[in-house]
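could you work out the structure for the sequence below:
(2 chains)
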Amino acid sequence: MKWNRKVKMVTVYLFTILFLVFLNFLLPRLLPGDAILAMYSGSEILVTDELYNELIKLHGLDRPLHEQFITYLTQLAHGDLGYSYMYHASTTDLILDALPWTILLICTSFILSAVVGIILGVESAWRRGGKIDRWLLTSMLLIDGIPSLVIGILFLTVFSLYFEWFPTAGAITPYSNAQGIAHISDVLMHLVLPLATLTLSQIPGDYLLIRNSMVLTIREPFILTARAKGLKDRKIRYCHAARNAILPFFTRIGVRIAFVITGVLFIETIFAYPGLGLLTYKAISNQDLPLIQAILTVSVLIVLLTNILVDIFYKKIDPRIEYAF
Amino acid sequence: MTNLKNTLIISLIIFSFILTPVICAAAENELRIADNTGDWGHPSPYLAYGRGPGYLRMHFIFDTLVWKDETSDLIPLLAEDWEYIPEEEVYIFNLVNNAKWHDGEPVTANDVAFTIAYMKEHPYGWVMLDSVDRAEAVDEHTVKIYMSGPYAPFMEDIGGTMPILPEHIWKDVVNPMDYVETGAFIGCGPFKYVDFSKEHGTYKYEAFDEYYLGKPNVDQLIYVKTGDTQMALQLGEADLASIKPEMAETFTEEGFVVIAGPHYWNKKLMINHNKEPLDSVVFRQALAYAIDQDEFVDKSLRGHGKPASHGLISSESQWANPDVLDYPYNPDKAKEMITSLGYELEDGVFTKNGKALKLEVLVSMIGTGGQSMPDRDGEILKNQLEKVGIQIELISLETKIVDQKVINWDFDLAISGHGGIGGDPKILYEKVIQVPGTKASPNTARYNKSEELNSLLDDLVHEMDPVKRQEAVFKAQNVYARELPAISLYYPTWYYAYNPDAGVEWFYTIGGVSKGIPIPQNKIALMRSNAQGEGGIEQTAMQTTDNAQDTPMMPFLGVFAILAAFFIKRSGRKP
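Residues are numbered from 1 along each chain as shown, chains lettered A, B, ... in the order given. Below is the predicted model of the structure:
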């Protein structure tokens, strides 16, 4: 029975991946217009027939669609996500260059916002109706209403332009050639503002989720039991209530990761942070078909992988759910 | 046990910092230029993107035969002198004899002949070599370029645009679009390639000590990518960058030198002249009278620009006809002209055979100077044309779709734009007819209904006598303004600011750099000694080692180590 469930799950994921890969291949090709001519739209050079033919051949666009799809699948199986029109480079390399920066930004922000969101959510729910709860709830709803774009520009103006505490753009100071500790501190200094923006835009979501779930949990009879046992207040709050209240938070990670990837697009663009978001923005504005396709594939894989991980770890987090995987 | 944990924690944190090589420091003169796109392709002829900034990033490494500065004449670069022999239809170039490639090999006439042969075989977007038959090296420093017919724009179009490639490197390169080896960056220009990071959008060049015109006055030239160029200037992160027009005064007050761009880019209205009533010259002229160019400048550019000439060539170009036909704003005259075509004005709208005069206007995000911005001109145009009784339906679409619709003639009017109108007048030829052997461009009118215009455009390209050519160019502008295959609306003014303490006086090149790039980043500015003193550039102590563009593994390890340390500490508390 358990084995069957596993097979079923793997099959579902495999079909999802295949379907999305097919969509990734097809959708950019359904866009109207000639991709090669679009590349040169607005450029100062004349596209001669020879140049056009050479580019069409280079990108394999002269072959029928089904052949293009087979090539795409074969390349994908070899880890080759295609060749970018604009960058004259392998899209795999471009993504691998950008991905570590986005992972650094997203993971750090995920951890920070989770820690802050959980603590604030737990404390707020514990003091439900109190002054701190009301104040926290209002300010979190307020922050939630401000787009991350605005927070980013505000941070940039205040902390970079006015106080000159942090650099305005990029992930490192170009050609400062700092290494070791100096390099790390350079990277961290560049990370602070985008990280703060992303984290601040995520905290309210985490906070509200935890608070709501916590409010329901503290009414449960086992909390009363814990109190009756004479356990310390802090222990009840975090080891008994929060432990159970945190479950919806983990369920949501898989869904949220997709939103974070799109959210990071704006933040990376404002701070010119060389991650996946900025690469996506440039790929779309340059109508770079293979790159858009590759980024979509990678994003889909990241989202699915996160979901699989959540499914696997769900049992560890909540041992009651034996049938999770 | 606790001791072991503590040791582990400390070792983890130390481990993340342990790979700390000694930082070696060296003072260098460096100059930084910022923009917010960053990546414009590898700085090699075939790999740089086909837009102005891409060419500029390549032009520091590769030299052409001749060049332009802020005067209108061509100046010698690799060729110290040249002549055209009309009888033989041949150009003879004498090259400087002390030019070297960055790998130490001498630059010879063979390299020039090779470049022409190579680019004929592997088309290079910036240069069309149809007019060139072949090139031959006469001796080590003399090259003869045989033309397949007279071609007047040769000097600017080819001589001043075609980067010369080293034969000893490129002779073995079969696919130049894929060639990204070290050899792709060996040129004979004033700067040597040091680094390009696609990831960070940065470029680094180093002065070429053995440059034949002398060492540049900057040791290192760096392009950085930034989110906001103005902030980068104000914070000293860059010495040259574009600024918003409204900030020009502030920057001047802050001690920057602000240079206002020449008007070599025009916003224009594409017209489907194959469709009724737009196929009528009178109707197109009526449109020109109905358009108030000043309103565009005031509202769309907030005054930072000027109305465009109706003859396509920029009114600031040396080729501009000062008496070109003009259409001063006159809505009454426009109405009169439309009435003369059999339309009747009913309730403020023109009708013919019971059908209202209605046109569609396509608008999209439009790229100007390498940046995209939303197009607000559609609204202004709609108001102006509705005032004279033409109903307008504004359709906002993605750029690619607008381009495709224009190319397929599936439109009435479309708002578009392009540069290059300050350089060689060949632009008239390129933007009126579809140059044979090229793909249709969405900002080319593809208009061949006027025999007179066609013949003038032919003269403009093939007339080798400068006086006669000038005459043809003047006449062509007038005929263009009369026929109106498209209507130029306005020229935006672009502003750049530079830090004068950095020691380089930047300038806008007359006619634009090379084929007409309206960006003040001409390499000649870096070749001049200047008033700031011997060193030119302020000394900035920079730490120098190579390959600093790392992925964030070290800091990631740091963050990971700290988190792991906390986890270990925490797990130690459990019973």
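
which residues does the closest residue to B:F196 other than its chain neighbours bridge with?
Nearest non-adjacent residue to B:F196, counting by C-beta to C-beta, 6 or more residues apart in numbering or on different chains: B:Y203, 5.2 Å away. Where you see a C-beta, it was placed from the backbone N, CA and C, and this is true even at glycine. Beta-bridge pairing for B:Y203 (DSSP bridges): B:F196, B:Y223.

give me the nearest residue to the spatially most central residue of chain A, chain neighbours excluded.
For chain A, the residue sitting closest to the mean C-alpha position, by C-alpha atoms, centre = their mean, is A:I261 at 2.9 Å. Leaving aside its chain neighbours, A:I261 sits nearest to A:S299 (5.5 Å; criterion: C-beta to C-beta, 6+ apart).

for the helix or strand that contains that neighbour, packing partners?
Taking DSSP states H and E as the criterion, A:S299 maps to helix A:289-317. Contacts defined by 3 or more C-beta pairs under 8 Å, 6 or more residues apart in numbering or on different chains; DSSP states H and E place helix A:289-317 against helix A:2-30, helix A:91-126, helix A:247-270, helix A:276-285.

at 10 Å instead, please
helix A:2-30, helix A:35-39, helix A:65-77, helix A:91-126, helix A:247-270, helix A:276-285 (3 or more C-beta pairs under 10 Å, 6 or more residues apart in numbering or on different chains; DSSP states H and E).

possible to save those helices as TSV with distance to A:H190?
Shown next, in TSV, are the helices and strands packed on helix A:289-317 (distance: least, C-beta to C-beta, whole Å):
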stretch	distance to A:H190
helix A:2-30	31
helix A:35-39	31
helix A:65-77	33
helix A:91-126	10
helix A:247-270	12
helix A:276-285	13
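
okay, the ones you listed in a markdown table with mean pLDDT and distance to B:W506 next?
As requested, those are exported to a markdown table (pLDDT from 0 to 100; distance: least, C-beta to C-beta, whole Å):
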| stretch | mean pLDDT | distance to B:W506 |
| --- | --- | --- |
| helix A:2-30 | 80 | 40 |
| helix A:35-39 | 71 | 30 |
| helix A:65-77 | 84 | 45 |
| helix A:91-126 | 89 | 31 |
| helix A:247-270 | 80 | 27 |
| helix A:276-285 | 84 | 27 |
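
out of those, which one sits most buried?
helix A:276-285 (a mean of 22; mean count of other C-beta atoms under 10 Å in any protein chain shown).

output that helix as CSV, restricted to C-alpha atoms.
Extracted C-alpha coordinates of helix A:276-285, given in CSV (Å, rounded to 0.1, in the frame of the first residue of the first chain):
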residue,chain,number,x,y,z
LEU,A,276,18.0,34.8,-11.5
GLY,A,277,15.4,37.5,-11.1
LEU,A,278,17.5,40.1,-13.0
LEU,A,279,18.4,37.5,-15.6
THR,A,280,14.7,36.8,-16.1
TYR,A,281,14.0,40.5,-16.5
LYS,A,282,16.8,40.9,-19.1
ALA,A,283,15.7,37.7,-20.9
ILE,A,284,12.1,38.9,-21.2
SER,A,285,13.0,42.5,-22.2
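
closest point of the stretch 101-250 of chain B to chain A, which residue?
Chain A sits closest to B:G125 of the stretch 101-250 of chain B, with a gap of 3.6 Å, by C-beta to the nearest C-beta.

so what's the residue count around that residue?
21 (other C-beta atoms under 10 Å in any protein chain shown).

I'd say the residue nearest to A:I261 and A:T280 touch.
Yes. Using C-beta atoms under 10 Å, A:S299 makes contact with A:T280 at a distance of 8.2 Å.

spit out the contact partners of A:K131.
Counting by C-beta atoms under 10 Å, 6 or more residues apart in numbering or on different chains, A:K131 touches no other residue.

quick check: it vs chain B, distance?
Counting by C-beta to the nearest C-beta, to the nearest Å, the separation of A:K131 from chain B is 31 Å.

what residues are up against residue 116?
Reading this off chain A. A:199-200, A:202-203, A:206-207 are the contacts of A:V116 under C-beta under 10 Å, 6+ apart.

actually it's chain B I care about, not the one you picked
Contacts of B:I116 (C-beta under 10 Å, 6+ apart): B:127, B:129, B:132-136, B:143, B:145-146, B:158, B:162, B:164-165.

swap in 8 Å and give it another go.
Residues in contact with B:I116 (C-beta atoms under 8 Å, 6 or more residues apart in numbering or on different chains) are B:129, B:132, B:134-135, B:145, B:162.

just B:W170 next, same as before
B:114-115, B:118, B:176, B:183.

could you redo these as JSON lines and give each row distance to B:E87?
Below are these laid out as JSON lines (distance: C-beta to C-beta, whole Å):
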{"residue": "B:F114", "distance to B:E87": "26"}
{"residue": "B:T115", "distance to B:E87": "25"}
{"residue": "B:Y118", "distance to B:E87": "28"}
{"residue": "B:P176", "distance to B:E87": "35"}
{"residue": "B:G183", "distance to B:E87": "40"}
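
residues touching A:Y40, list them.
A:47, B:50, B:125.

if you set the cut-off to 7 Å instead, what comes out?
When contacts are counted by C-beta atoms under 7 Å, 6 or more residues apart in numbering or on different chains, A:Y40 touches A:47, B:50.

quick one, helices of the stretch 101-250 of chain B?
Under the criterion DSSP state H, counting those that start in this stretch, the stretch 101-250 of chain B carries helices at the ranges B:109-121, B:154, B:167-170, B:229-234, B:248-253.

and the closest residue to B:M147 other than its chain neighbours, how far is that from B:H462?
Using C-beta to C-beta, 6+ apart and skipping the chain neighbours, the partner closest in space to B:M147 is B:E89 (4.5 Å). Note on B:E89: its distance to B:H462, by C-beta to C-beta, to the nearest Å, is 11 Å.

now A:D311
72 Å.

now do B:K198
42 Å.

by neighbours, which of the contacts of A:V116 wins?
Going by other C-beta under 10 Å, A:Y207 tops the contacts of A:V116 with 28 neighbours.

residue contacts, it?
A:117, A:120-121, A:140.

any idea which of those residues is closest to chain B?
Nearest member of the contacts of A:Y207 to chain B, counting by C-beta to the nearest C-beta, is A:G117, at 17.0 Å.
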